[in-house]
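*Asks:* no sequence on hand, only this structure:
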């Protein structure tokens, strides 16, 4: 396994006020890479979606812990969001655009679609009853040659 | 995360500010729906000029208000939306409610 150039890990409770904290932490972590504003926005949005899923779905009826880690490999950032909540029965179904189990709460069902469009890759590992890990990968500094 | 709501002649404008996520959208939803119930506007404009961040919870917020206004026979319009927010909105096809896109 490759050694990262930099790494961080934070653990926090699944409280909705921590959604902002989580995305800001990742934004701060990649600041040394001097990302473009849109790259920073994309990654923060994807992290916000992954963390919100833990709060809204994984720990639906309880408060649990969320582990957020980020690693930098050159210009690539790998973010992992891990919970030990209820898990997802059917990951493929959960990732379908506009699919939501909570329409009454005005969840748009776009969480995974946002992660997929705003990152280079998204992987989801889940086991019902023991939790879910979402891994987001994004290459930074894809600068245009025509500057 | 305050929302500034003004109304005149059946036209209501709600200017959203700050970051819209799952945490803040709950309060926004309550404030806007209370104002809609109080004055039953014919048209609601959501102004995004003061929004610095938005994830898919904001899309849920817009979809809910759209439904609410449609049920009342009213209209919803989205104005001053920064490009990065349009990107999230377009995933749901909600960018068609943007000012000038109809």
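*Replies:* The structure has been received and is ready for your questions. Bear in mind that the values here come from a model prediction, so they are computed numbers and not experimental data. Numbering: from 1, shown residues only, chains lettered A, B, ... in the order given.
*Asks:* need the contact list for residue 74.
*Replies:* Using chain A here. By C-beta atoms under 8 Å, 6 or more residues apart in numbering or on different chains, the contact set of residue A:74 is residue A:5. Backbone N, C-alpha and C define where each C-beta goes, glycine included.
*Asks:* meant chain B, my bad for not saying
*Replies:* Residue B:74 makes contact with B:41, B:42, B:43, B:44 under the criterion C-beta under 8 Å, 6+ apart.
*Asks:* can you pull the contacts of the residue nearest to the second one when sequence neighbours are not counted?
*Replies:* Ranked by C-beta to C-beta, 6 or more residues apart in numbering or on different chains and with sequence neighbours excluded, the top spatial neighbour of residue B:42 is residue B:10, at 4.0 Å. With contacts taken as C-beta under 8 Å, 6+ apart, residue B:10 has the following neighbours: B:41, B:42, B:43.
*Asks:* do that again at 10 Å, thanks
*Replies:* Residue B:10 makes contact with B:39, B:40, B:41, B:42, B:43, B:74, according to C-beta atoms under 10 Å, 6 or more residues apart in numbering or on different chains.
*Asks:* go on, residue A:37?
*Replies:* For residue A:37, counting by C-beta under 10 Å, 6+ apart, the contacting residues are residue B:84.
*Asks:* on that earlier part again, how near is the residue nearest to residue B:42 to chain A?
*Replies:* 25 Å (C-beta to the nearest C-beta, to the nearest Å).
*Asks:* buried ones in the strand ranked longest in chain B, by neighbour count?
*Replies:* What stands out as the longest strand in chain B, according to DSSP state E, is strand B:43-54. For strand B:43-54, a neighbour-count test (16 or more other C-beta atoms under 10 Å in any protein chain shown) marks B:44, B:45, B:46, B:47, B:48, B:51, B:53, B:54 as buried.
*Asks:* check the contacts of residue B:74 and tell me the two furthest apart.
*Replies:* Using C-beta to C-beta, the contacts of residue B:74 span at most 8.7 Å, a distance reached by B:42 and B:44.
*Asks:* so what sits against both of those two?
*Replies:* Joint contacts of residue B:42 and residue B:44 (C-beta under 10 Å, 6+ apart) are B:11, B:12, B:69, B:72, B:74, B:75.
*Asks:* switch the residues you listed over to a markdown table; also include pLDDT.
*Replies:* Supplementary listing: the shared contacts of residue B:42 and residue B:44 in a markdown table, determined by pLDDT from 0 to 100:
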| residue | pLDDT |
| --- | --- |
| B:11 | 96 |
| B:12 | 97 |
| B:69 | 95 |
| B:72 | 94 |
| B:74 | 96 |
| B:75 | 95 |
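*Asks:* buried ones only from those residues, please, as a ChimeraX command.
*Replies:* Per 16+ other C-beta under 10 Å, the buried members of these correspond to this ChimeraX selection:
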select /B:12,69,74,75
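*Asks:* among the shared contacts of residue B:42 and residue B:44, which are located in strands?
*Replies:* Counting by DSSP E, the shared contacts of residue B:42 and residue B:44 place B:11, B:12, B:75 in strands.
*Asks:* all helices for chain B, in order.
*Replies:* With DSSP state H, the ranges of helices along chain B come out as B:22-39, B:56-71, B:83-91.
*Asks:* out of those helices, which is the most enclosed?
*Replies:* Of the helices of chain B, the one with the most neighbours on average (mean count of other C-beta atoms under 10 Å in any protein chain shown) is helix B:56-71, at a mean of 21.
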